[in-house]
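1. Build me a structure from this.
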Amino acid sequence: MSTFWYWLGAYVLTGLLLMCGAYCHTRLIKREPSVNAMSRWENTACFLAVLMLWPLMFSILVYEGVFSRRPPAPEYREWVATPASLTRQFTKESIEQLETYRDPFNAVPAAPFGHLHDAWLRFCQQLQEDDQLWAFRIDARQDEGLDYDKRYGIVEGYALLRDGKICAEFYARMD
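-> Below is the predicted model of the structure:
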């Protein structure tokens, strides 16, 4: 049975209960005659307003539930790098040579990745004998799975591939 029939049944049942309750309230309860005719008119107007507007409210709730569904949650991936974003394979030594900067003010140590050298060493500790190092480049604003990194433009770094799968990555630049 579809949910439409459940909603329709709830709609009709609610209407019948409201009408029965109103009938019982006016016919079975003994009340003294109203002294103020205006209060009786106000009671009748409120009752009629509720009686006429509850179907509208109910239909709004049904419409919101049926037609205003949330979009599916995005699926985030574990790594920023994807196989399609891998640009070139490197060796550890060639990366260290390429990423060593000479700062004329000596504010950054003359080591691979400068002040990120300790992070690079921790990344290199994960290397095993058959692993490959690949450079990657991604435009985070255009990538669907990177909603949390949209504030960055181009993300460049190095990915560690083990058995053809990315198992670690190191960010070199985020513009």
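2. give me phi/psi at Phe47?
-> phi -60, psi -50 (degrees, to the nearest 10).
3. Flag every buried residue along the helix or strand bottoming out on mean pLDDT in the chain.
-> In the chain, no helix or strand scores lower on mean pLDDT, DSSP states H and E than helix 37-67, which sits at a mean of 75. The neighbour-count check on helix 37-67 (16 or more other Cβ atoms under 10 Å) flags Val62 as buried. Every C-beta, even on glycine, is put in place using the N, C-alpha and C of the backbone.
4. After it, which helix or strand is next? Please name it.
-> The C-terminal neighbour of helix 37-67 among helices and strands, as given by DSSP states H and E, is strand 86-90.
5. Show me the contact partners of the next helix-or-strand element following that following strand.
-> Downstream of strand 86-90, the next assigned helix or strand under DSSP H and E is helix 92-98. Helix 92-98 has contacts (Cβ atoms under 8 Å, 6 or more residues apart in numbering) with 90, 112, 120, 124, 127, 133, 158.
6. List the residues that contact the fifth one.
-> For Leu127, the contacting residues are 92, 133, 160, by Cβ under 8 Å, 6+ apart.
7. CA atoms of the host helix or strand of the second one as CSV?
-> Okay, so that is Leu133. Using DSSP H and E, Leu133 sits in strand 132-139. Output in CSV follows, covering the C-alpha atoms of strand 132-139 (Å, rounded to 0.1, in the frame of the first residue of the first chain):
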residue,chain,number,x,y,z
GLN,A,132,55.3,4.9,-6.2
LEU,A,133,55.3,8.7,-5.7
TRP,A,134,53.1,10.7,-8.0
ALA,A,135,52.5,14.4,-8.3
PHE,A,136,48.9,15.5,-8.3
ARG,A,137,47.1,18.7,-9.2
ILE,A,138,43.4,19.4,-8.4
ASP,A,139,41.2,22.5,-8.8
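8. What pairs with it, parallel or antiparallel?
-> Strands that pair with strand 132-139, judged by DSSP bridges, come out as strand 86-90 (antiparallel), strand 154-162 (antiparallel).
9. what residues does the longest one touch?
-> In other words, strand 154-162. With Cβ under 8 Å, 6+ apart, strand 154-162 has contacts from 79-81, 86, 90, 95, 123, 126-128, 130-140, 149, 166-175.
10. 7 Å - rerun?
-> Identification of contacts with strand 154-162 by Cβ atoms under 7 Å, 6 or more residues apart in numbering yields 80-81, 86, 95, 126-128, 131-140, 149, 166-175.
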